[in-house]
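Engineer: no sequence for this one, just the structure:
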């Protein structure tokens, strides 16, 4: 027999998918609805991990904690072609929304979300943003795979709803952190600590005094750079700073019509937008980090953009990591004629 062409195999596969989903939901599903969202391998693993955790919680706590009828926890075939069986309640909650469905879904999601813990340390709370990400990831997965039509911001925003419950949980943990600041090993919730380290009276980035750092001392200059990127991009921790490379930085000039038109700018390319991430209350994320730091005055130590510009003038030949230990006298002597400002040892980066 003649081997099937790629087009024939694709058509056959689409037919099987359509038949499987149609048999499950009782409706014909168009090609646009079958098309899977293009996601990275990491995101794919994350959403399936969220679903596995959610499913296990249903099976383990459905009757005892959620008071769900045992009949709704019976495993039945799901809509996927891998013949995976899922708790029947997932199918019951699919499709058109009703008041009773919303009520049951709110109870299930709220109880599951409240008990989420750090996988590596069960006694430690999740970061608020990580907690919110898991909830939104699960809802997205359930919509894509099981035809759940629920929206966090529209369906669970009422008093007693999932959104209110999680916000109250976050508020309680923040209060706990204020009362016991030393309990950071269990409670990672902060109270704007990064700003308070600079000054307890700071309420706006423009009020920060960048001249407190001594740029003539390489270690302080690096600390100043880290502080700037922490404020503008939300970078924190050792790895996020230490692993940055010189090529991670981008620069250009602001376009005509911009308030800084013609000025040079610096920014970080390929960075996850941490300052506008999805949270319980923020449902939209920017496609890319749009923060560009203008260079108002190359010589002004109070100018963040000027600071970046001056720092890059100190980069040594062959340096790939942005932060390295100060160069030795021998290294500086080798570069003095061609790179008189070179300051860092390219083979001794900070961190791992």
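Structural biologist: Nice, I can see it. Because the structure is a prediction, the values reported are computed rather than measured.
Engineer: could you pull out the strands for the stretch 1-150 of the chain?
Structural biologist: 75-77, 85-87 (DSSP state E, counting those that start in this stretch).
Engineer: Show me the shaky parts of the stretch 151-300 of the chain.
Structural biologist: 181-206, 236-237, 271-290 (pLDDT under 70).
Engineer: buried ones in the host helix or strand of residue 153?
Structural biologist: Using DSSP states H and E, residue 153 sits within helix 152-155. Residues of helix 152-155 classed as buried by neighbour count (16 or more other C-beta atoms under 10 Å): 152, 155. For every residue, glycine as well, the C-beta is placed using N, CA and C.
Engineer: Stretch 121-129 too?
Structural biologist: In stretch 121-129, counting by 16+ other C-beta under 10 Å, buried: 125, 126, 128.
Engineer: if we can go back for a sec, just the strands of the stretch 1-150 of the chain: most buried one?
Structural biologist: strand 85-87 (a mean of 16; mean count of other C-beta atoms under 10 Å).
Engineer: That one - contacts with which helices or strands?
Structural biologist: The helices and strands touching strand 85-87, judged by 3 or more C-beta pairs under 8 Å, 6 or more residues apart in numbering; DSSP states H and E, are helix 41-61, strand 75-77.
Engineer: Name the strands paired with that strand and say parallel or antiparallel.
Structural biologist: strand 75-77 (antiparallel) (DSSP bridges).
Engineer: Check the offset of the partner strand from the chain's centre.
Structural biologist: Computed by C-alpha atoms, centre = their mean, to the nearest Å, the chain-centroid distance of strand 75-77 equals 33 Å.
Engineer: ok, back up a step: and which of the buried residues of stretch 121-129 is nearest to residue 86?
Structural biologist: residue 126 (24.9 Å; C-beta to C-beta).
Engineer: Would you mind giving both backbone torsions of the closest one?
Structural biologist: Here is the backbone geometry of residue 126 (degrees, to the nearest 10): phi -80, psi 150.
Engineer: Which pLDDT does the model give it?
Structural biologist: pLDDT recorded at residue 126 is 85.
Engineer: Show the contacting residues for it.
Structural biologist: Going by C-beta atoms under 8 Å, 6 or more residues apart in numbering, residue 126 touches 116, 117, 118, 134.
Engineer: Point out the least confident one among these.
Structural biologist: residue 118 (79).
Engineer: Burial check on that one, number of neighbours?
Structural biologist: Counted by other C-beta atoms under 10 Å, the residues lying close to residue 118 total 15.
Engineer: just to revisit the earlier point, which of the contacts of residue 126 fall in helices?
Structural biologist: residue 134 (DSSP state H).
Engineer: Can you flag the buried ones in the contacts of residue 126?
Structural biologist: 116, 134.
Engineer: Let me know the next secondary structure element after the helix holding residue 153.
Structural biologist: Assigned by DSSP H and E, the successor of helix 152-155 is helix 162-179.
Engineer: Which neighbouring elements make contact with that next one?
Structural biologist: Packed next to helix 162-179, using 3+ C-beta pairs under 8 Å, 6+ apart, are helix 99-114, helix 128-146, helix 152-155.
Engineer: roughly how far out does it sit from the chain middle?
Structural biologist: 20 Å.
Engineer: Number the residues from 752 up from this point.
Structural biologist: Renumbered: residue one is now 752, and that last one reads helix 913-930.
Engineer: Report the buried residues of that helix.
Structural biologist: Counting neighbours by 16+ other C-beta under 10 Å, the buried set in helix 913-930 is 913, 914, 916, 917, 920, 921, 924, 928.
Engineer: quick revisit: can the strands of the stretch 752-901 of the chain go into TSV with extra columns for distance to residue 848 and mean pLDDT?
Structural biologist: What follows is the strands of the stretch 752-901 of the chain, written out as TSV (distance: least, C-beta to C-beta, whole Å; pLDDT from 0 to 100):
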stretch	distance to residue 848	mean pLDDT
strand 826-828	21	90
strand 836-838	19	92
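Engineer: how about JSON lines for those strands, with distance to residue 981 added?
Structural biologist: Below are the strands of the stretch 752-901 of the chain laid out as JSON lines (distance: least, C-beta to C-beta, whole Å):
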{"stretch": "strand 826-828", "distance to residue 981": "48"}
{"stretch": "strand 836-838", "distance to residue 981": "43"}
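Engineer: Tell me the one among the contacts of residue 877 nearest to residue 961.
Structural biologist: residue 869 (34.9 Å).
Engineer: My guess is that closest one contacts residue 885. True?
Structural biologist: No - the pair residue 869 / residue 885 is not scored as a contact, 11.2 Å apart, by C-beta atoms under 8 Å.
Engineer: would you say residue 1001 is within a strand?
Structural biologist: Yes - judged by DSSP: H, G, I helix; E, B strand; the rest coil, residue 1001 forms part of a strand.
Engineer: Distance of it relative to residue 1019?
Structural biologist: With the distance defined as C-beta to C-beta, to the nearest Å, residue 1001 ends up 7 Å from residue 1019.
Engineer: same deal with residue 841?
Structural biologist: On the measure of C-beta to C-beta, residue 841 and residue 1019 end up 41 Å apart.
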